[in-house]
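[1] One predicted model, sequence on top.
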Amino acid sequence: MKIDWAALGSVFGVSLVVTVALVSLFTLGIMGLSRRERAVAQGDSAALALTGAYACFAACTAAVAYGISLIVA
């Protein structure tokens with residue numbers, strides 16, 4: 001058996017980058033919800049923070065669904 005180390009390294013690199021991107025995107029969504037709560041407490045409008053948080057969570061959901069579709073296919 002011969003292991004293709006270049007392909008293994010490529011898979012590791014891509015998975016590491018995608019994992020960091022998803023965690024960062026989810027963190028941005030949590031930060032958006034936090035800013036929304038802070039804006040509501042101060043009596044300001046929180047529509048932009050809430051929209052940004054929902055967009056981050058939707059992008060996370062889409063990325064996970066795409067990954068699952070790649071695994072299933």
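    On my side now, so go ahead.

[2] Only C-alpha atoms from now on, for both contacts and neighbour counts.
    Will do.

[3] can you give me the helices in this protein?
    Taking DSSP state H, the helices of the chain run over residues 5-42, 47-72.

[4] counting contacts, what elements does the first one pack onto?
    If I follow you right, that is helix 5-42. Applying 3 or more CA pairs under 8 Å, 6 or more residues apart in numbering; DSSP states H and E, we find helix 5-42 packed against helix 47-72.

[5] now the angle between helix 5-42 and the helix it packs on, please.
    Interaxial angle of helix 47-72 relative to helix 5-42 (axes from the mean of the first three to the mean of the last three CA atoms, to 10 degrees): 150 degrees.

[6] Give me the buried positions along helix 47-72.
    By 16 or more other CA atoms under 10 Å, the buried positions in helix 47-72 come out as A49, L50, G52, A53, Y54, A55, C56, F57, A59, C60.

[7] Out of those, the closest to A7 would be?
    A7 has its nearest neighbour among the buried residues of helix 47-72 in C60, at 26.0 Å by CA to CA.

[8] Adding pLDDT and distance to K2, write the buried residues of helix 47-72 out as a markdown table.
    Shown next, in a markdown table, are the buried residues of helix 47-72 (pLDDT from 0 to 100; distance: CA to CA, whole Å):
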| residue | pLDDT | distance to K2 |
| --- | --- | --- |
| A49 | 87 | 51 |
| L50 | 91 | 51 |
| G52 | 92 | 47 |
| A53 | 94 | 46 |
| Y54 | 95 | 46 |
| A55 | 96 | 44 |
| C56 | 96 | 41 |
| F57 | 97 | 41 |
| A59 | 96 | 38 |
| C60 | 96 | 36 |
